[in-house]
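Kindly generate the corresponding structure for this input.
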Amino acid sequence: MISSRPVLPAPAPEPVIHSMPGSDDEESSAGGMSLAQIICILRAYWRHSLVIVVALIGLSFGAIKMLPKSYVATTTLMVNFENKDPLAGREFVGGGGNTYIPTQIELIMSGVVLGPVVEHLKLTSDPQFTRGFAGSTAALNEVVVRNLRDMLQVQQGVSSQLLYISATAKSPESAAQLANAVADEYLTQERQRTNGPARERAERYSKQLAELRAKAIAGQDRVTEFRQRNAMTEIDADKMDVEGATLNDLQQKLEAAQNQRRELESKQIEAHASSDAVLGTESISSLRAKLTGLESQMAEARTTMGPKHPKVVELQSQIDATRSSLASEVQSLSANSAVQLTRARDLEARYQAAVTAERTRLLERRGLQDEEAKLVLELQSAQTTYKKALDGYDQIMFASSGNYTDVSLISRADPPPKPSKPNKAKWFAIACLFSLGMAVAGPFGYELFLNRRLRCRDDLEKHFGIPVLAQLGPLPALPG
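Next up, the predicted model:
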């Protein structure tokens, strides 16, 4: 302040009168606030700033204290997609394994997993998840699943096969329950997807094995019934050869009988055509020779003897007897030839009937044997298939009973001992800094925009261009 006393402590040079700056140039000539101005303003409003700081800190403390707590519980899983189902080994071609874990994360966050969790935990009746929704049941389930999804977070470990399922809730028990329920449902479905096809194949294999066994038994029953009906034993190649040899022997005998019959017929035809064949026999030849000799003797005797001569009579009687014997012998030979031909024809007919009967029997037998061989072949095929299936049955059943899984549980979520949100110490520190800022900014705003005062020499010199010659401290109060 400029002193109003007439006597100054020391003479001063003649002050230079500056013109008052206009109102438009006042802010431009201010050049900002000096440190002295700031200190004077803070000194003038320090009580107000203190009240503001205390009030804001108290309000912030109460508000932070009343903030709802949220707890985060985490379940840890490990994914190992290289596990192979022995019944259906997987091969990830073209880097398919790189998409396996992201796919599992999306699957965990999908309604396929969260829907059963909502139903198991009965979250549709929890106000925290319904939030006053009063729509249809399907829409309510969708809303609850969406709210549950918002409370979950699934993350993959850094360059690892670990999956972290985190659930956020208002109580530590609820957070742990949600995280564990989602993990359990996911593991259950994953095991079903991994082991379900193997069990289905094992069931189909068992049914097919039972069908093969039934076919083998039915084939054996057909073979047994066929053999009993036709009085047959197992197919014997030696026996078949013997039966074939019998037919061949009969056919050879039939051919021999036919040849004999043809020969006799030929002889009989020749005998009818010419008597030389009959006369050529030994007995006829001897009789003819004897007759010729007697006739020669008779011719000689007649030249010297009369017809009544005893020798001529004797020769004539011998010639007559020889001729009678010759005629009888010729007749006997003709009759014998006819009998032999008849016998040969009878023998041929019997052999022909025997060959026909044997051929018919053998054909029937071979037909039965062929049918038996067909049944036996079907039986052997069914038995072979059944045996192969039975050999692999134990391996199939052992593999299907194994609990193969690509995901294993590392650790279950435990109720967290302290909330993760809000970080009250952090928020209180921010509130304190904000309170200090408001305690400083409030008086400055009030001073600069509502109640501007002159508090130091800089206010006159910077804003009004009035030089200050001296500055005195506060004056003592005058006595009344």
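
And the residue nearest to Arg455 when sequence neighbours are not counted, how far from Trp46?
Once flanking residues are discounted, Arg455 sits nearest to Cys40: 4.0 Å by CB to CB, 6 or more residues apart in numbering. All C-beta spots, glycine's among them, are computed from the backbone N, C-alpha and C. In this view, Cys40 and Trp46 are 11 Å apart by CB to CB, to the nearest Å.

Compare those two and say which one has the larger neighbour count.
Each of Cys40 and Trp46 has its neighbours counted (other CB atoms under 10 Å); Cys40 has more, 20 against 12.

Using CSV, list the CA coordinates for the helix or strand containing the more buried one.
Following DSSP states H and E, one finds Cys40 within helix 35-44. Provided in CSV are the C-alpha atoms of helix 35-44 (Å, rounded to 0.1, in the frame of the first residue of the first chain):
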residue,chain,number,x,y,z
LEU,A,35,4.7,-16.3,-7.1
ALA,A,36,4.1,-13.4,-4.7
GLN,A,37,0.5,-13.1,-5.9
ILE,A,38,-0.1,-16.9,-5.6
ILE,A,39,1.4,-16.9,-2.1
CYS,A,40,-0.7,-13.9,-1.0
ILE,A,41,-3.9,-15.6,-2.3
LEU,A,42,-3.1,-18.9,-0.6
ARG,A,43,-2.3,-17.0,2.6
ALA,A,44,-5.5,-15.1,2.5
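
on contacts alone, who are the packing partners of that helix?
helix 424-445, helix 457-463 (3 or more CB pairs under 8 Å, 6 or more residues apart in numbering; DSSP states H and E).

Check those helices for me and report the most buried one.
Comparing these by mean neighbour count (mean count of other CB atoms under 10 Å), helix 457-463 comes out on top with a mean of 18.

what about it, distance to the chain center?
Between the centre of helix 457-463 and the centre of its chain there are 90 Å (CA atoms, centre = their mean, to the nearest Å).

From the contact counts, what lies against that helix?
helix 26-30, helix 35-44.

shaky segments in the stretch 1-150 of the chain?
Where the stretch 1-150 of the chain drops to pLDDT under 70, the residues are 1-32, 81-97.

just the helices in it please.
In the stretch 1-150 of the chain, the segments counted as helices under DSSP state H, counting those that start in this stretch are 26-30, 35-44, 46-66, 100-108, 111-121, 127-130, 137-150.

Save those as JSON lines, and put in distance to Leu433 too.
Shown next, in JSON lines, are the helices of the stretch 1-150 of the chain (distance: least, CB to CB, whole Å):
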{"stretch": "helix 26-30", "distance to Leu433": "29"}
{"stretch": "helix 35-44", "distance to Leu433": "17"}
{"stretch": "helix 46-66", "distance to Leu433": "10"}
{"stretch": "helix 100-108", "distance to Leu433": "39"}
{"stretch": "helix 111-121", "distance to Leu433": "41"}
{"stretch": "helix 127-130", "distance to Leu433": "33"}
{"stretch": "helix 137-150", "distance to Leu433": "31"}
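
Pick the most buried one from the ones you listed.
helix 111-121 (a mean of 17).

Can you check what angle separates that one from helix 137-150?
Relative orientation of helix 111-121 versus helix 137-150 (axes from the mean of the first three to the mean of the last three CA atoms, to 10 degrees): 100 degrees.

circling back: nearest to Glu447, of the helices of the stretch 1-150 of the chain?
For these, proximity to Glu447 was assessed by CB to CB; helix 35-44 is nearest, at 5.1 Å.

How far away from the center of its chain is the closest one?
Distance, centroid of helix 35-44 to centroid of chain: 82 Å (CA atoms, centre = their mean).

Likewise for stretch 217-232?
41 Å.

and if you look at stretch 43-54?
With CA atoms, centre = their mean, you get 77 Å for stretch 43-54.

where's Gly58 relative to Ala431, distance?
Counting by CB to CB, the gap from Gly58 to Ala431 is 10 Å.

Any idea which of the helices of the stretch 1-150 of the chain gets closest to Thr246?
helix 100-108 (76.6 Å).

Quick one: list the elements packing against that closest one.
strand 71-79, strand 152-156, strand 162-169, helix 172-229.

Show me what the second one pairs with in its sheet, parallel or antiparallel.
The reference is to strand 152-156. strand 162-169 (antiparallel) (DSSP bridges).

any idea of the angle the strand it pairs with forms with helix 172-229?
Using the same axes, to 10 degrees: strand 162-169 against helix 172-229 is 130 degrees.

what does strand 162-169 rub up against?
70-79, 101, 104-105, 108, 128, 151-157, 175-179, 182-183, 186, 407, 410, 413, 420-421 (CB atoms under 8 Å, 6 or more residues apart in numbering).

Specify the angle between it and helix 100-108 in degrees.
Using the same axes, to 10 degrees: strand 162-169 against helix 100-108 is 20 degrees.

isn't there a strand covering Pro416?
No: secondary structure of Pro416 (DSSP: H, G, I helix; E, B strand; the rest coil): coil, not part of a strand.

doesn't Val72 make contact with it?
Yes: with contact defined as CB atoms under 8 Å, Pro416 and Val72 form a contacting pair (6.3 Å).

which neighbours do these two share?
Ala175.

any idea which helix is longest in this structure?
Counting by DSSP state H, the longest helix found in the chain is helix 310-391.

how far does it sit from the chain's center?
Worked out by CA atoms, centre = their mean, helix 310-391 lies 72 Å from the chain centre.

what angle sits between that helix and helix 172-229?
Using the same axes, to 10 degrees: helix 310-391 against helix 172-229 is 170 degrees.

list the helices and strands helix 310-391 packs on?
Looks like helix 310-391 contacts helix 172-229, helix 237-273, helix 276-279, helix 282-304 (3+ CB pairs under 8 Å, 6+ apart).

Which of those comes out lowest on mean pLDDT?
Of all the helices and strands packed on helix 310-391, mean pLDDT reaches its minimum on helix 276-279 (a mean of 50).

how's the chain carved up into domains?
Following automatic domain parsing, the chain resolves into domains at 1-67+440-474, 71-201+405-411, 237-397.

Now do the end-to-end distance for the second one.
Think domain 71-201+405-411. 18 Å (CA to CA, to the nearest Å).

Emit the PyMOL select command for whichever of the contacts of strand 162-169 are buried.
Restricted to buried positions by 16 or more other CB atoms under 10 Å, the PyMOL selection for the contacts of strand 162-169 reads:
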select buried, resi 70+71+72+73+74+75+76+77+79+101+104+105+108+151+152+154+175+176+177+178+179+182+183+186+407+413
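
Looking at the helices of the stretch 1-150 of the chain, spot the one closest to Gln251.
helix 100-108 (79.7 Å).

any idea of the angle that closest one forms with strand 71-79?
Using the same axes, to 10 degrees: helix 100-108 against strand 71-79 is 130 degrees.

could I have helix 100-108 exported to PDB, CA atoms only?
Extracted in PDB, the C-alpha atoms of helix 100-108 (Å, rounded to 0.1, in the frame of the first residue of the first chain):
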ATOM      1  CA  TYR A 100      -7.500 -75.200 -30.300                       C
ATOM      2  CA  ILE A 101      -7.000 -73.100 -27.200                       C
ATOM      3  CA  PRO A 102      -8.900 -70.000 -28.600                       C
ATOM      4  CA  THR A 103     -11.700 -72.300 -29.600                       C
ATOM      5  CA  GLN A 104     -11.900 -73.700 -26.100                       C
ATOM      6  CA  ILE A 105     -12.000 -70.200 -24.600                       C
ATOM      7  CA  GLU A 106     -14.900 -69.300 -26.900                       C
ATOM      8  CA  LEU A 107     -16.600 -72.600 -26.000                       C
ATOM      9  CA  ILE A 108     -16.300 -71.800 -22.200                       C
END
